[in-house]
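Visitor: quick one: sequence plus predicted model below, questions after.
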Amino acid sequence: MADAALRLTALAEELLGEPVPVRIRAWDGSESGPPGAPVLVVRSRRAVRRLLWKPGELGLARAWVAGELDIEGDLYETLDLMAGLLWERGADAKDAVHPIRDPKVRAAARGLLQLAGPWPPPAPPAEEVRRRTGPLHTRRRDKAAISHHYDVGNDFYELVLGPSMVYSCAYWEDGGSLEDAQRDKLDLVCRKLALKEGDRLLDVGCGWGSMAIHAAREYGAQVTGVTLSTEQAAFARKRIAEEGLTDRIEIRVQDYRDVRDGPYDAISSIGMAEHVGSVRYREYADDLYALLRPGGRLLNHQIARRPERDESAYHVDEFIDAYVFPDGELAPVGRTVATLEEAGFEARDVESIREHYALTLRRWVANLEQHWDRAVTLTSPGRARVWRLYMAASALSFEHNKIGVNQILAVRPAKGGSSGMPLRARDWRASAGG
């Protein structure tokens, strides 16, 4: 008798202490759960072994990446339902299930063992970052982490990001395209920095060169872009040559800590500071401060998390750390502003664009789904599944205010404390310079 789904549902409800909100279809063809609900497809008992070995988020992620778990129905609705069931209870399984001392739970665990099949658990998917040793955020370790995420293949990123090749939150107007919204974001950064002809701009974490190209072409800036990704740098240089901007833009494969040719008139850091880490963030702020001329401006565009009541309890998301952004860390926006000011900056403006990132991520997911077969060919089925899950889950996190994204405009004050800012600087729709 095919009853694996019924047994999985009953055992999960015993362990979690509440009804499972999705329908389950098991490897034997059986189904159980609320009629009409999204379907969690358990394609193999290997998925159960992974969860027994590593309960919680990482076990689920491994089964998803390996193709042993799938979703039939609305992806966002299913992730929303499962977030309430598991992820929002805590990443560790001990926060998500009843104590193992409970006899009913012990019986349920034995039942799962019977369903799981032969031991030991499968090896982690090839897309998972291997265990790292040594201190966080050394130059070598940061370079390896950046390579894991960004050296996936430029063709793959073109499918997901579209022609703009901008991998950060866009700036939307109703009815606009992704390309329009990304162009508007780049222009917003340039206006906040008050760029003008001949200004020296340092673009930290320059990606595929989109910010550098926009600043040079539209504002006449002389741009230095730095990245740790060799694939990004090669792509950016090719685009710059095609635009005829090689005399205005230099792209370096270089750690921001090794930039020594300041002072710059302005610095843009868009979606890069999340990789810096708490142990290095003051160093990051100090380095950028030193690279700016007095009166120069910094635009720091960065994802932020909500503050914890006990900040020592903060932990990096297991799935993101293992598959997406190794060693990445998020900080509350207030902590980021405070650190920049401790380094000597004056924070002049903070703009939250949280809802804009949810819209951006949904467009990226749609691009990936539209070109799914090509994406799989360019990378791997597992890598494509990683990107689909992380972008969809991130979109929900922005929508539900679990995380945010902010543009912080800061200035290095000139002698005597002058900021050089116009009195009415917040109307960024005005022409550059206020």
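Guide: Yep, it's here.

Visitor: could you use CA atoms for every contact and neighbour count after this?
Guide: Will do.

Visitor: phi, psi of G344?
Guide: Phi and psi for G344, reported as degrees, to the nearest 10, are phi 120, psi -10.

Visitor: now swap in I303 and tell me
Guide: According to degrees, to the nearest 10, I303 has phi -70, psi 140.

Visitor: state the distance from it to T336.
Guide: Counting by CA to CA, to the nearest Å, the separation of I303 from T336 is 10 Å.

Visitor: same question, A215
Guide: Separation of A215 from T336 (CA to CA): 25 Å.

Visitor: and L186, by the same measure?
Guide: 22 Å.

Visitor: does L40 belong to a helix, a strand or coil?
Guide: strand (DSSP: H, G, I helix; E, B strand; the rest coil).

Visitor: which residue is nearest the middle of this protein?
Guide: The centroid of the chain falls nearest to F325 when counting by CA atoms, centre = their mean (6.8 Å).

Visitor: pull the CA atoms of the strand or helix carrying R217 into PDB?
Guide: R217 is part of helix 210-219 when elements are defined by DSSP states H and E. Extracted in PDB, the C-alpha atoms of helix 210-219 (Å, rounded to 0.1, in the frame of the first residue of the first chain):
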ATOM      1  CA  SER A 210      27.100  49.100 -15.200                       C
ATOM      2  CA  MET A 211      27.600  51.800 -12.500                       C
ATOM      3  CA  ALA A 212      31.000  52.800 -14.000                       C
ATOM      4  CA  ILE A 213      29.700  53.000 -17.500                       C
ATOM      5  CA  HIS A 214      26.700  55.100 -16.400                       C
ATOM      6  CA  ALA A 215      28.800  57.500 -14.400                       C
ATOM      7  CA  ALA A 216      31.300  58.000 -17.200                       C
ATOM      8  CA  ARG A 217      28.900  58.200 -20.100                       C
ATOM      9  CA  GLU A 218      26.200  60.300 -18.500                       C
ATOM     10  CA  TYR A 219      28.200  62.400 -16.000                       C
END
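
Visitor: off-centre distance for the next helix or strand after it?
Guide: Once helix 210-219 ends, the next helix or strand along the chain (criterion: DSSP H and E) is strand 222-227. Centroid separation for strand 222-227 versus its chain: 22 Å, with CA atoms, centre = their mean, to the nearest Å.

Visitor: what is strand 222-227 packed up against?
Guide: strand 200-204, helix 210-219, strand 249-253 (3 or more CA pairs under 8 Å, 6 or more residues apart in numbering; DSSP states H and E).

Visitor: most tightly surrounded among these?
Guide: strand 200-204 (a mean of 26; mean count of other CA atoms under 10 Å).

Visitor: name the strands paired with that strand and say parallel or antiparallel.
Guide: Partners of strand 200-204 in the sheet, by DSSP bridges, are strand 222-227 (parallel), strand 264-270 (parallel).

Visitor: okay, the helices and strands packed on strand 222-227 in JSON lines with mean pLDDT next?
Guide: Formatted as JSON lines, the helices and strands packed on strand 222-227 follow (pLDDT from 0 to 100):
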{"stretch": "strand 200-204", "mean pLDDT": "98"}
{"stretch": "helix 210-219", "mean pLDDT": "98"}
{"stretch": "strand 249-253", "mean pLDDT": "98"}
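
Visitor: format those as TSV; extra columns: distance to L113.
Guide: Putting the helices and strands packed on strand 222-227 into TSV (distance: least, CA to CA, whole Å) gives the following:
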stretch	distance to L113
strand 200-204	50
helix 210-219	51
strand 249-253	49
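
Visitor: and R139, which of the ones you listed is closest to it?
Guide: The minimum distance between R139 and those falls on strand 249-253, with 12.3 Å, by CA to CA.

Visitor: now tell me what touches that closest one from outside.
Guide: Identification of contacts with strand 249-253 by CA atoms under 8 Å, 6 or more residues apart in numbering yields 209, 212-213, 216, 222-230, 233, 236-237, 240.

Visitor: before I go, just wanted to say thanks for your time.
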